[in-house]
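>>> any chance you could fold what I've pasted below:
(5 chains)
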Amino acid sequence: MAVQEELKKIILGLLPQVDCVIGWGPGPDLLCASPYFMRRPEEVDNFLAGPMATQNTALYLPEYKGKKVALVVKGCDSRSVAQLLAEKLIAREEVRIIGFPCAGVADMGKIAARLAPHGEPGEAEKAVYGEKELRITMAGRELVLPLAEIKADKCLRCAHPNAVFSDHFAGEKAAGNDDEFKDLAALETMSLEDRFSFWEKEMSRCVRCYACRNACPLCVCRDHCVASSRDPHWLTQADGVSDKLLFQVTHALHLAGRCTGCGECQRACPAGIPVLLLKRALSRAVEGLFGHSAGLDPETRPPLLTFQVEERTIKEKAW
Amino acid sequence: MKIGVFICHCGSNIAATVDVKKVAETAGRMAEVVYATDAMYACSEPGQQAIEEAVKKYALSGVVVASCSPRMHEATFRRTVERAGLNRYMFEMANIREHVSWIGRDQGPNTVKAIELVRMAVEKLRLNRALIPRKLPATRRALVIGGGVAGIQASLDCAEAGLEVVLVEREPSIGGKMSKLDKTFPTVDCSSCILGPRMVDVAQHERITLYAYSEIESVSGYVGNFEVVIRKKAAYVDWDKCTGCGLCIEKCPSKKNFDRFNEGLGSAAAINIPFPQAIPKKAVIRAEDCRQFQGKKCGICAKFCPTGAINHEQQDELVTIQVGAIVAATGYDLADWTVYGEYGAGRYADVITSLQYERMLSASGPFGGHIKRPSNGEEPKSVVFIQCVASRDPSIGRPYCSGFCCMYTAKQAIMTRDHIPDSQSYVFYMDIRSPGKGYDEFTRRAQEEYGAQYVRGRVSQVYPRGNKLVVRGADTLLGSQVEVEADLVVLAVGGEGSREAAGLAEKLRISYDSFGFFLEGHPKLKPVETNTAGVFLAGSCQGLKDIPFSVSQGSAAAAKTLALLSRDMLESDPQTAQVDIKRCIGCGKCIQVCPFQAIREADLRGQSKAEVLEAVCQGCGLCNATCPQGAIQLSHFTDNQVLAEVEALLCP
Amino acid sequence: MPDTARRPVFEPSAPNPYLPQVATVLEVIQETHNIKSFRLRLDDEQAWAKFSFEPGQLGQLSLFGVGESTFVINSSPTRKDYLQFSVMRAGEVTSALHGLLPGDKIGLRAPLGNSFPYKELKGKNLVFIGGGIGMAPMRTLLLYMLDNRTDYGDITLLYGARSPQDFSYAEDREDWLKRKDMRTVLTIDSPAEGWEHRVGLIPNVLTELKPSPENTVAVTCGPPIMIRFTLQALEKLGFVPEQIITTLEKRMKCGIGICGRCNIGEKYVCVDGPVFTYAQLKSMVNEL
Amino acid sequence: MSVSSTVSGAAAPELRIVGFLCNWCSYGGADTAGVGRFIQPTDLRIIRLPCSGRTNPLFIAKALLQGADGVLVSGCHPRDCHYAEGNFYARRRLEVFKQLLPVLGVDPRRFEYTWVSASEGQRWQMVVSKFTEQIHSLGPARRLPGAPELEWLRESAG
Amino acid sequence: MDMQGKFIPRAQLDDWLAELAARFRVWTPRRAGQEDSGAVVYLPEARQPELNRKPTESAKRVIFPRSEPLLRFLRKPDPDQTGQKSLELQVPDADGPNLVFGLPPCDARGFLVLDPVYAGVKGQAGDSYYLRRRSQTVLIARACSRALTTCFCHWVGGSPSSTEGLDVLATEIQEGFLLQPLTPQGEEVLDSKLLLSAGKEQMEAAQSAWQAAEKTLGPGADMQGAQEALRALFDNAAFWQAEAASCLSCGVCTHLCPTCYCFNITDEAVGEKGVRLRSWDACMFSLYTQEASGHNPRQDKAARLKNRIGHKFSYYPELYQTRNACVGCGRCIKSCPSRLDIRAVLTKALALSRPAAGKPETTAPATVRPAAKPKVNKPATSKPVAAKPGAAKRGKEASHA
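Numbering: from 1, shown residues only, chains lettered A, B, ... in the order given. Sure, this is the predicted structure:
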């Protein structure tokens, strides 16, 4: 893990200049890391980068407004930073961005699915990520899962594995893939009727913990979300699917033209509800209509906060 | 809350297809409704009386009237409930006439629909809050932008009524298009004879401050309290010293410049006074024409100026003024007629515009009032007028009728015969539009008394033959091709909004259409108002007009301005956006989208928050729909109020 | 067999603690621009006859469709024509309460929480220090004491508000100022036209008044910033924490110590409070 | 509720169609249609807003997910907005929202947005008639089940 | 009373559940969602329970639903008085008896934490909604065959085969399940022709399954003094800020937790009808304690994390003079998007209160692996009862020491 070591060097160099460096450190088990806030050189030893470094470090940036922080970012994380900058929610001079070539992160759901015949991921006695595979020891037996099989979907279609902008970069830039919105295409093989049922069923598991919202680096409302407000009173607190789905639609619409597709909403969902799909649908619409992908340019205004007098791409209904 | 509901029969207008009694009976069981009844004519005197009495008798705190469109009678009933002691916003209307009884024939569905519309109104009313208009002090001064005839009229009317007026004109002289005209239809009186004295009045009026050769730099503030920055363009002549003697013009060595006032017919010196009656009569140096500015040694004007007014170092000057109201009277520009390749597209010297023709006819014009062919200076004997150039022509994106061309063409045909008695005029026209007082008679005189030959049809081509021009077109009445040999072709070019209108509209935060015309508040009922409070329109900037109409509008805009500023304090419409400071996180999205710059960032104990300038807010609610957490809410149309209406429909 | 499940017992006949009693608004008094007092009584005559409470206890007012909110009953148990609550417009429920009209139906869950130690205070001198809406909880105790005047020693009231328009209880105030058996001092933050009483912040005026801590208990309620400086002033005057009583406000929902939001450490304001001595507060975790 | 629809003459039960109209143009257009006695299907219920820019797409989402069979938004023609720009923003937001619908399993034809001016009474009649017909051809929409604890609220309230 | 265990072959399980479904609303942990994501959730479906994976959520919602109506209200015009409305309050009908099959023992112990809260504290009336449902719910747990890395029931007196709070313990042995009744209600539900009598071998097989499961538990911890340690740390803002740094302020931990019981009360109304709902709330949400004035006693996430942990290991045991309000199910760790580890916070808090053990840096990363020092756990639960499943755990805990 040469990149990880190089990153550590960069972090060490930056520590004196910033309040803290946000990256990843050991989690409660070896499969998935935790966000890690480094302030002292000895803390940098435990820094991790790799398939276990799932969390989006950009999430924490607005909390540190007024302080200088450095951030280790995957490509997707850097897009969140760019979008936050585009919306002037953070100040450029307050963040130092450390990029590296991201080879993709592991999807805990996929790991669980692959391990299912043997047990669940939490039963792993040992887990070691290699260059191309994850080696898990369970009940004394070693299982090898190729990384390609357990990589998060967002990584398989990631066009920007390197930070879209950075102040420091460790390692050689990696090549990206094309995003063809295959996830949506898969959903769209279903009939409209089935899609409706799909959401009805998926959302029924929602426990309204709002991890999806709170894990979203671009959710600006934070403590003032309409999910629980009474004025405006969009949602009831009842345990019904309609409120739950309406919340997801709300989150998605609030992110239309802003979502960078980091997928944290979906990863955070304890019930495994594919909530990213709705945001993806809007991203595809915005890309198609306005040629805009969020989080690539810290200077661009989100397309729904502007307009053109003549909208060439909008085909209005001819009555 | 205690709600009273009144269902109007509107005679049989509603009652014929809606079971009014049943609607009232059902309404009586709706949330917080304690009194529901029907009324023959709710808007009538007894109808309103009944509402007032019920409010008092049942201690109602809100009223719903189900009758016609709120666009019709909302204001009426608001006054009614106000008389009864309620706040006027504790009132809602259900439109069961235009939206129910008049568009559906069956009583069954109509009644159900009426009941639901009433329920929606009740549910919304439950969330209404008393709104109190804010009182704002007003600056008793008006700004008039544009010194054409409409602007002059507006300025004089306001000033006469005692208001201070600031008149801003972008050209060196006021007078506008009218000052370029020779005569005016249908009376054929001399344009400068009637306009001139008005211009002088402007110059001499103690309450009018004129900024000529100036433009609007920026506008901020709101009704009653606008702050306007005016850019006084550098004339390179100290106007305080300039006496308008004209010596500099005479001595200026750079004389072959485009003469703007004369539409390029003659030529002008680099230092110039546009026309003898100019107000103010002050010289202006055009830097692009001036040798001194071209880096050549000159400065002759400075040498000769008897008062030492020339100042090549002069800079633009910014002046900030406070005004309470603004009248935009920026007029029009001729549409681009050079798009017509078939008319020579500006290549033939003897194809001119009607406005150039006016300058030709004018005794103070470049030709001294003699009609001459620009190509050779000969007197034309055959003059062809082509109407509807850049008017009524969707193919070039000008679908509208410019309105005044038929009349001025008739006038020009008459003047042609007047000037050259042996001349023959031909007018190619599509339709003759002459609906003003004495107008149609005038066009007939042109034909009958002055022998102008009117040919109904479009001209397909103008091309030179020898030193003449051949005008080929169709005579649609005869159904044949016609060809006329002309010495001079005059194009009756239509108008469009001033080219600078769009930029000004954005500064004034008013709407404009794709032709550059400003949008009035209501096509019928608010013809001189705009949707920005305190900004009024006069003259052709709103749509093309002839002189009498422009003058009327100037007076109308003045009347509106005077009515507005007759009070020391103004009331602002309280249906504005409100920020819930506790919920605002200062993301600034509302600020980005507000079309009126009515929201600004404010600091609240170190936190950034949105702040609405209530007097600027026009109540569109765009911010409300933009704010993700709904921290900014449009009063009277809050999310909860709209949701209550939706809910009322989905949970019947 | 031992029942290891040890299920808690369910008594079908036990009262439902969430079910409010229906009450009717008798009178609405506009106290200040943002404070209204409501007088109400229970609809059920039997329940009303049985209803009793102690000074300082809370009630949950329910506006059905909007929600519940907690207020101190600020009438005195000695005057039982009605229960009075004073409501400052702040959030959703309080705004909606401000829309109430006489005759409207409302829900009431009361009494909740503890009360002022009015029995233990017998024979003591009392100093009441109230700021703004903070006068409401003390009004009940003051009225109670005035109705049992002989049980208590000297009574001093220091009541402050931002401006003359921000005082509530106009009628009471007149009475308190007139009475010979208590001392009433009113103060406003900054001078105002026609104001005949004191001008100055409550803690400063208190320091000037210099009440003796001897056999005296201070009862104070008001905005947090006022409380903070009042406590300091009282301590400087020689009051020990045991001699200072205050009532706390927290966001409450259930009112019966279950829902979990009004806790300060292991104490629940809705059950263990709202009345605490300063000594008690000092022993609790510092999370006001 | 089953009330027969009038225009088609067929006894199709009325469907739930919600309209969000701007006050200045489309609401006026609907009034104009009324004044002109341009007969229309009765299914539509109009909510008056100051501007199409006030239309939060979530109003539409809520309506469509919780019981509306169709939603129509109508504002001033582009460039004619009473507030200069409101409908320009609305157009973008509504178009993007429309493209989300099929992913939710809602037929996008259940939602349309259009522009009708205050003078276009006949256009309004045409829009309402065609949209109503479109919704009838799609039939009643599926509604997401509400929370069981709130079902009582939706049972035949007053 | 026949205390003998029963046995059900795996193939018959669904039949038995179906039989039970005639008398109870039967809840089982079920796989839901897509293969690559999805979750195991409790559903009122009496078939094919997922018993090999730990349910994603706890079983608390069976007794303490995510949302329930407390009362309904209805206004009508007052026939006696024009201009007035009468108000009618109704308490919704209670639902019938529930039975949960297949919950892990920690979930059952969770109810024991909720019980004293809902039974009414300090003379307050009990919560009739909870109590009614609780008294009518039968809990059949399945002993865990393996612990997860996030499990720490043994820190707080539990074990993979704890019987606390159960009516029946089911232990998966070859071909089926050993079902042991622990209460009269448990006896009753085992009275079925589908069930066979369990033999000694099956009892022994279960016993060894319990022991095997115990061995998979991670290091234990000595929780002695947690109450005081947390209290002592109350004003140490730096400690809590460092621990909460990665917290998202979401409700994953509280909503999946078997012992979190906070709720909100809100009204929903349409026209003249309305419902008062009680629904889950979370002390991790900022708005939870936000007052109308805007003041919030727990404004930052550090204060909220402190309250959550403080409540579980300090306030609750202090107030109810009983166990910790945590059963060590580990869901708050497993499902936390930031993988914040409550064990690490506790370990550090305890270490800080034990000067002898040395002071770890307050800002050290929240990992448990390097930090955990196995210590003997004092059983905090009921006395051992011979021949009862779960008894084995006591021995095991020592062995882990």
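
>>> contacting residues for whichever residue of chain D sits closest to chain B?
Residue of chain D nearest chain B, by CB to the nearest CB: residue D:34 (2.8 Å). No exception for glycine: its C-beta is placed from N, CA and C like everyone else's. With CB atoms under 8 Å, 6 or more residues apart in numbering or on different chains as the criterion, the residues that contact residue D:34 are B:69, B:97, B:98, B:99, B:102, B:103, D:121.

>>> list just the nearest of the residues you listed to residue A:30.
residue B:99 (66.1 Å; CB to CB).

>>> tell me how many other residues crowd the closest residue to chain C within chain D.
Chain C sits closest to residue D:153 of chain D, with a gap of 10.5 Å, by CB to the nearest CB. Using other CB atoms under 10 Å in any protein chain shown, residue D:153 has 22 neighbouring residues.

>>> repeat that for residue C:282.
12.

>>> assess the claim that it and residue C:241 are in contact.
Yes: using CB atoms under 8 Å, residue C:282 makes contact with residue C:241 at a distance of 5.6 Å.

>>> outline the domain layout of chain B.
B:3-125, B:141-233+B:316-331+B:498-565, B:247-304, B:335-496, B:577-635 (automatic domain parsing).

>>> return the residues of chain B in contact with chain C.
Neighbours of chain C within chain B, by CB under 8 Å from any CB of the partner chain: B:1, B:2, B:59, B:61.

>>> quick one: contacts for the residue in the stretch 151-300 of chain A positioned nearest to chain C?
Per CB to the nearest CB, residue A:230 is where the stretch 151-300 of chain A lies closest to chain C, at 4.7 Å. Residue A:230 sits next to C:67, C:92, E:266 when contact means CB under 8 Å, 6+ apart.

>>> residue C:118 versus the closest residue in space to residue B:297 that isn't next to it in sequence, what's the distance?
Using CB to CB, 6 or more residues apart in numbering or on different chains and skipping the chain neighbours, the partner closest in space to residue B:297 is residue B:291 (7.7 Å). Distance, residue B:291 to residue C:118, using CB to CB, to the nearest Å: 100 Å.

>>> please tell me how far the residue nearest the centre of chain A sits from residue A:84.
The residue lying closest to the centre of chain A (CA atoms, centre = their mean) is residue A:262, at 2.7 Å. Shown here: residue A:262 relative to residue A:84, a distance of 12 Å by CB to CB.

>>> that older thread, tell me how many other residues surround the residue nearest to residue B:297.
Residue B:291 has 16 nearby residues by other CB under 10 Å.

>>> again with residue B:21
Residue B:21: 14 surrounding residues under other CB under 10 Å.

>>> and it, that's in a strand?
No: counting by DSSP: H, G, I helix; E, B strand; the rest coil, residue B:21 is located in no strand; its state is helix.

>>> surely it touches residue B:38?
Yes: using CB under 8 Å, residue B:21 is in contact with residue B:38, at 5.9 Å.

>>> mind showing which ranges of the chain have poor pLDDT?
Unless you meant another one, I'm taking chain A. For chain A, the stretches flagged by pLDDT under 70 are A:1.

>>> oops, chain E please
E:1-3, E:355-401.

>>> show me what contacts whichever residue of the stretch 51-200 of chain C sits closest to chain A?
Distances between the stretch 51-200 of chain C and chain A by CB to the nearest CB are smallest at residue C:92, namely 4.7 Å. By CB under 8 Å, 6+ apart, residue C:92 lies in contact with A:230, A:231, C:66, C:67.

>>> please parse chain A into its domains.
A:1-104+A:159-179, A:108-150, A:181-319.

>>> I'd like those domains laid out as JSON lines, including distance to residue D:82.
Formatted as JSON lines, these follow (distance: least, CB to CB, whole Å):
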{"stretch": "domain A:1-104+A:159-179", "distance to residue D:82": "28"}
{"stretch": "domain A:108-150", "distance to residue D:82": "50"}
{"stretch": "domain A:181-319", "distance to residue D:82": "16"}
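
>>> once you drop chain neighbours, what's closest to residue D:110?
residue D:70 (4.9 Å).

>>> and that neighbour, what is it in contact with?
D:15-18, D:43, D:110-111, D:131-132, D:134-135, D:138, D:141.

>>> take these and keep only those in strands.
D:17, D:18, D:111 (DSSP state E).

>>> would you confirm that the first one contacts residue D:69?
To tie it back to what came earlier, the one meant is residue D:17. Yes: Residue D:17 is in contact with residue D:69 according to CB under 8 Å; the separation is 6.2 Å.

>>> shaky segments in chain D?
In chain D, residues with pLDDT under 70: D:1-11, D:156-158.

>>> in it, which spans are strands?
D:17-22, D:44-49, D:70-75, D:111-115.

>>> most tightly surrounded among the ones you listed?
Mean neighbour count (mean count of other CB atoms under 10 Å in any protein chain shown) peaks for strand D:70-75 among the strands of chain D, with a mean of 28.

>>> how long is stretch D:22-42 from one end to the other?
19 Å (CA to CA, to the nearest Å).

>>> what is in contact with residue D:17 and residue D:69 at once?
residue D:135.

>>> give the contact list for residue B:541.
B:146, B:150, B:328, B:329, B:330, B:331, B:332, B:497, B:498, B:501, B:517, B:518.

>>> before we move on, what about residue A:239?
Counting by CB under 8 Å, 6+ apart, residue A:239 makes contact with A:208, D:147, D:148, D:149, E:65, E:66, E:67, E:279.

>>> could you check how far the fourth one is from residue E:270?
Between residue D:149 and residue E:270 the distance, using CB to CB, works out to 13 Å.

>>> between the two, who's got more neighbours?
Taking neighbours as other CB under 10 Å, residue D:149 and residue E:270 compare with residue D:149 leading, 26 against 23.

>>> do stretch D:129-144 and chain A come into contact?
Yes: Stretch D:129-144 lies within reach of chain A by CB under 8 Å from any CB, at D:130, D:142, D:143, D:144.

>>> redo the residues you listed as a markdown table? Include neighbour count and distance to residue B:175.
Output for the residues of stretch D:129-144 next to chain A, formatted as a markdown table (neighbours: other CB atoms under 10 Å in any protein chain shown; distance: CB to CB, whole Å):
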| residue | neighbour count | distance to residue B:175 |
| --- | --- | --- |
| D:130 | 15 | 53 |
| D:142 | 18 | 69 |
| D:143 | 17 | 68 |
| D:144 | 21 | 68 |
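
>>> among the residues you listed, which are in helices?
Filtering those for membership in helices, criterion DSSP state H, returns residue D:130.

>>> for residue E:294, give me phi and psi.
Backbone torsions for residue E:294, taken as degrees, to the nearest 10, come to phi 100, psi -20.

>>> likewise for residue E:306?
phi -60, psi -40.

>>> so what's residue E:196 bridging to?
Under the criterion DSSP bridges, residue E:196 forms beta bridges with residue E:7.

>>> what's the neighbour count on it?
15.

>>> pretty sure it sits against residue E:16.
No: using CB under 8 Å, residue E:196 makes no contact with residue E:16, being 11.0 Å away.

>>> joint contacts of the two?
By CB under 8 Å, 6+ apart, residue E:196 and residue E:16 have these common neighbours: residue E:8.

>>> what sits against the nearest residue to residue B:137 once chain neighbours are set aside?
Nearest residue to residue B:137, sequence neighbours excluded (CB to CB, 6+ apart): residue B:569, at 5.9 Å. Residues in contact with residue B:569 (CB under 8 Å, 6+ apart) are B:135, B:136, B:137, B:138.

>>> among these, name the ones in helices.
Per DSSP H, those never map to helices.

>>> re earlier: what about chain A: which of the contacts of residue D:34 touch it?
Applying CB under 8 Å from any CB to the contacts of residue D:34, none is adjacent to chain A.

>>> mind listing which of these are in helices?
Using DSSP H, the contacts of residue D:34 in helices are residue D:121.
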